[in-house]
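A.B. asks: based on what follows, work out the 3D shape:
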Amino acid sequence: GPTHKSVTRNMFRSGISRGLTLMQSSLSMTAVRAMSAAGASKKPFDKILVANRGEIACRVMRTAKKLGIKSVAIYSEPDARACHVRMADEAVLVGPAPSSQSYLVVENVIEAMLKTGAQAVHPGYGFLSENFHLVEALQANNLTFIGPPTRAIQAMGDKIESKKIAAAAKVHTVPGWMGVTEDPNEAVAKAREIGYPVMIKASAGGGGKGMRIAWNDAEAREGFRLSKEEAKSAFGDDRLFVEKFIEHPRHIEFQIIADQHGNVVYLPERECSIQRRNQKVCEESPSMAISPETRKKMGEQACALAKEVGYTSAGTVEFLVDPKEGFYFLEMNTRLQVEHPITEQVTGLDLVEIMLRVAAGEKLPITQEQVQMNGWAMESRVYAENPLRNFLPSIGRLVKYIEPTEFIHENVRVDSGVAEASEISIYYDPMICKLSTHGKTRNEAIATMKKALDSYVIRGVTHNINFLRSILDHPRFVEGRLSTLFIQEEWPEGFQGHNMSPRQEAQLIGSAAALYAEFAARDATSTGRLASAPSEEELMVQTLAISLGPKRFMVQVLPNAEAETNGVLMVSMYEINEQGGHSGAQTLRVVSGGAPGYDTLYTAQIATGSTEEDLAVEDVTLQLIKKLSTGFTLVHCGTEYTLHVQRPRDWMLSQHMPAPHVVDTAKMLISPMPGKVVSIAVEVGEKVLPGAELCVVEAMKMQNVLHSEVEGVVKSIALKAGDGVASDEIILEFE
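C.D. replies: Residues are numbered from 1 along each chain as shown. Here you go, the predicted model:
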């Protein structure tokens, strides 16, 4: 059974207080007064248990602390020193690493509550948040579930049943087959009857798992097989259904909150159309696509559905919206949603506090007329994954970790459950944090998000910040022309890396030149400098050759004579082409923030443009990864670049160095991720063609089909179904 321990929490107090301050600063005074009125001065509970881990457990505990409520954490063996364990007042071990043996065991949760005296449990999202067996077990022990009643969870958790209830409540629904699809042949038959494209979905699904789009019979058969396997692995329920896939839809959802006294309100919508494999990547509130009239209709239908199932607590009703603002019910999530912070930022409400008070029997603190919508909020989900390798999970230790709120103190919120030295494990979701920003306008929120991502220092694991920055820079995103196919349409061959604009490239080259000048000036004035270090006279004008991949630039750096302070440099640059000529001559004015120490931020204000019309002044933030003997490794717009900065003569000599040897892996299938081999589709001696399925690897409960990129004959197979596989491990080889 679970073992209990109390842990000293002093080391986290300052961090918790800072998180609370950031959270509270986003709350409107109207909302704060509303939640402080009518009995809100008393605590709804004395002690609660948070049946989750990571950032959502920390998020719930912050509000509990604000209200003076003690919190109890549960944890698995590898999570013994996790942030949520150290943040809680008490912590209980509930089992080994697999969630099925720890976090998902209802009996362990109940036993931990009885042992610690916790009166109620907040489930967060995922795990047991939509498990009605937990609710029944709590009721049997006179304990409180901070969430909706059993009937609502059961009805809305079954996607087939929920659509029937939604139709009865006069909520617009997606056309489809509302029965259980038994086999691939029936899936094809129903898809033909509905009309392609269709979505094959798990009835108990969520989080993008157990879902596939099919455009033809072959894809319907494969989608049925993969969705069924994923659904069984993720939910223990492999029932599937088929519905029409709405082309070019937006995914827009409404947060509703309901109390036990019949009051239900909806909050401003969240735009969640930026998705990959049906999992949300970026969210914002409100949506550019929704008129006030449509917002009212959708919100009222969301409330009607909540009343139909007797819903209480916070929940989310999700819709697909077509280009003409026609909307269709997708599903209802009977829990606190991952992206709830952006709703809190635009409304000023603390949704976790409302959930606690509703669970204690209090009335909602606001009416529909009192709901506010202030400014614009945006969220980016920062994951430990490799966008350049089809977003495969990255595991490891965070050897360096600094959140943006250390550098930016307004309109930025970080919901994380990690700290420096935390371990990103194969056993759990690889989310590092939810990064949220707020602004008076959408453009302000985007600009702050870019700066926050650029200031986010993460070392030790691969992450997706380069991909998030590419989304934010994309003209289609900036214009708000979104759909759930945005990523698929804009990166049809997969994400190949961030494409710098000419201005961003100039900023990178100018920053590298300024950094070189800053370090050279530091060396020239330091005690005991090398005899080879440049003199102060030599530093007045420096001519440099800067290499960025295959590109070569000649750069001249000199102090700005008109500037009243040090650190203002004029950087003149042009690119050298293959024929030895040059092009793109331009001059930048760089106001440098000074040479940073190792692995810290470099900031500068850089003016680009040759005329008044195209002059642009931007605050630029880069990360210095490493100072090399011949340059720097920098992170710019989320992407790591190595720039060689040399004197022209040194650069010319370096061109005669031999090219490095590259190992040929073309005849190998190498696992791009750590996980478990689910199946091997070929045998030794079998001839395969490009595109043929070779094996399926499961990672983070997602099935990943690995296909052959070459034509060849299988020479050897190193692994079998059921084996664990490490990242970069050879699975099979071709002759």
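A.B. asks: list the buried residues of the biggest helix by length in the chain.
C.D. replies: Across the chain, the helix with the greatest residue count (assigned by DSSP state H) is helix 502-525. Buried residues in helix 502-525, counting neighbours by 16 or more other C-beta atoms under 10 Å, are found at 503-518, 520-521. Where C-beta positions appear, they are placed from N, C-alpha and C, glycine not excepted.
A.B. asks: tell me which stretches of the stretch 201-350 of the chain form strands.
C.D. replies: For the stretch 201-350 of the chain, applying DSSP state E, counting those that start in this stretch gives strands covering 209-214, 240-244, 250-258, 264-266, 270-276, 279-285, 313-321, 327-333.
A.B. asks: show me the shaky parts of the chain.
C.D. replies: Scanning the chain for pLDDT under 70 picks out 1-41, 205-207, 525-540, 560-567, 597-599, 610-614, 660-663.
A.B. asks: let's see it at 50
C.D. replies: Scanning the chain for pLDDT under 50 picks out 7-30, 32-33, 36-40.
A.B. asks: burial measure for residue 605, as a count.
C.D. replies: 14 (other C-beta atoms under 10 Å).
A.B. asks: now do the helix or strand containing it: everything it contacts.
C.D. replies: Residue 605 is part of strand 601-608 when elements are defined by DSSP states H and E. Counting contacts by C-beta atoms under 8 Å, 6 or more residues apart in numbering, the residues outside strand 601-608 that touch it are 407, 455, 457, 503, 506-507, 510-511, 514-515, 586, 588-593, 595-596, 615-624, 634.
A.B. asks: was I right about residue 439 contacting residue 447?
C.D. replies: Yes. Counting by C-beta atoms under 8 Å, residue 447 is a contact partner of residue 439 at 7.2 Å.
A.B. asks: for the residue lying closest to residue 263 once chain neighbours are set aside, give me its contacts.
C.D. replies: Setting aside the residues directly before and after it, residue 263 is nearest to residue 364 in space (C-beta to C-beta, 6 or more residues apart in numbering), at 4.8 Å. When contacts are counted by C-beta under 8 Å, 6+ apart, residue 364 touches 257-259, 263, 265, 354, 358.
A.B. asks: what secondary structure does residue 364 sit in?
C.D. replies: coil (DSSP: H, G, I helix; E, B strand; the rest coil).
A.B. asks: re earlier: tell me how far the strand holding residue 605 is from the chain's mean position?
C.D. replies: Averaging C-alpha positions (C-alpha atoms, centre = their mean, to the nearest Å) puts strand 601-608 27 Å from its chain's average.
A.B. asks: for the remainder of this discussion, apply numbering that starts at 36.
C.D. replies: Understood, numbering begins at 36; the last thing we discussed is strand 636-643.
A.B. asks: and it, which strands flank it?
C.D. replies: strand 617-627 (antiparallel), strand 651-663 (antiparallel) (DSSP bridges).
A.B. asks: closest one to residue 519 among those strands?
C.D. replies: strand 651-663 (31.2 Å; C-beta to C-beta).
A.B. asks: which other residues reach the closest one?
C.D. replies: 486, 489-490, 492, 494, 538, 542-543, 546, 550, 554, 631, 633-644, 667-671, 675, 677, 679.
A.B. asks: now that we have these, which of them are buried?
C.D. replies: 486, 489-490, 492, 494, 538, 542-543, 546, 550, 631, 636-639, 641, 643-644, 667, 669-671, 679.
A.B. asks: residue 528 should be in a helix, yeah?
C.D. replies: No. Counting by three-state DSSP, residue 528 is not part of a helix but coil.
A.B. asks: next, count neighbours for the closest residue to residue 466 other than its chain neighbours.
C.D. replies: Distance criterion C-beta to C-beta, 6+ apart; nearest residue to residue 466, sequence neighbours excluded, is residue 418 at 5.5 Å. Per other C-beta under 10 Å, the neighbour tally for residue 418 reads 26.
A.B. asks: test my guess that residue 418 contacts residue 469.
C.D. replies: No. In this structure, residue 418 is not within contact of residue 469 by C-beta under 8 Å, at 10.3 Å.
A.B. asks: between the host helix or strand of residue 212 and strand 275-279, what angle do the directions make?
C.D. replies: If you go by DSSP H and E, residue 212 is part of strand 211-216. Orientation note: strand 211-216 sits at an angle of 160 degrees relative to strand 275-279 (axes from the mean of the first three to the mean of the last three C-alpha atoms, to 10 degrees).
A.B. asks: next secondary structure element downstream of strand 211-216?
C.D. replies: helix 219-229.
A.B. asks: for that following helix, packing partners?
C.D. replies: strand 211-216, strand 233-241, helix 252-270, strand 275-279 (3 or more C-beta pairs under 8 Å, 6 or more residues apart in numbering; DSSP states H and E).
A.B. asks: of all the ones you listed, which one is nearest residue 314?
C.D. replies: Among the helices and strands packed on helix 219-229, strand 233-241 sits nearest to residue 314 (C-beta to C-beta), with 10.2 Å.
A.B. asks: contacting residues around the closest one?
C.D. replies: 165, 192-195, 211, 215-216, 222, 225-226, 244-249, 255, 258-259, 262-263, 265-266, 269-280, 366, 368.
A.B. asks: circling back: would you format the helices and strands packed on helix 219-229 as CSV with distance to residue 612 included?
C.D. replies: Formatted as CSV, the helices and strands packed on helix 219-229 follow (distance: least, C-beta to C-beta, whole Å):
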stretch, distance to residue 612
strand 211-216, 57
strand 233-241, 50
helix 252-270, 46
strand 275-279, 53
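A.B. asks: among these, which comes closest to residue 130?
C.D. replies: So among those, helix 252-270 is nearest, using C-beta to C-beta, at 18.8 Å.
A.B. asks: what packs against the closest one?
C.D. replies: Short answer (3+ C-beta pairs under 8 Å, 6+ apart): helix 252-270 packs on helix 219-229, strand 233-241, strand 244-249, strand 275-279, strand 737-742.
A.B. asks: ok, 10 Å please
C.D. replies: Packed against helix 252-270 by the contact rule (3 or more C-beta pairs under 10 Å, 6 or more residues apart in numbering; DSSP states H and E) you find strand 211-216, helix 219-229, strand 233-241, strand 244-249, strand 275-279, strand 710-715, strand 728-734, strand 737-742.
A.B. asks: dump the ones you listed to a markdown table, plus mean neighbour count and distance to residue 98.
C.D. replies: Formatted as a markdown table, the helices and strands packed on helix 252-270 follow (neighbours: other C-beta atoms under 10 Å; distance: least, C-beta to C-beta, whole Å):
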| stretch | mean neighbour count | distance to residue 98 |
| --- | --- | --- |
| strand 211-216 | 18 | 38 |
| helix 219-229 | 18 | 44 |
| strand 233-241 | 24 | 24 |
| strand 244-249 | 23 | 28 |
| strand 275-279 | 23 | 37 |
| strand 710-715 | 18 | 35 |
| strand 728-734 | 20 | 33 |
| strand 737-742 | 19 | 31 |
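A.B. asks: can you put those in JSON lines and add distance to residue 107?
C.D. replies: Putting those into JSON lines (distance: least, C-beta to C-beta, whole Å) gives the following:
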{"stretch": "strand 211-216", "distance to residue 107": "39"}
{"stretch": "helix 219-229", "distance to residue 107": "45"}
{"stretch": "strand 233-241", "distance to residue 107": "26"}
{"stretch": "strand 244-249", "distance to residue 107": "29"}
{"stretch": "strand 275-279", "distance to residue 107": "38"}
{"stretch": "strand 710-715", "distance to residue 107": "32"}
{"stretch": "strand 728-734", "distance to residue 107": "31"}
{"stretch": "strand 737-742", "distance to residue 107": "31"}
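A.B. asks: before I go, just wanted to say thanks for your time.
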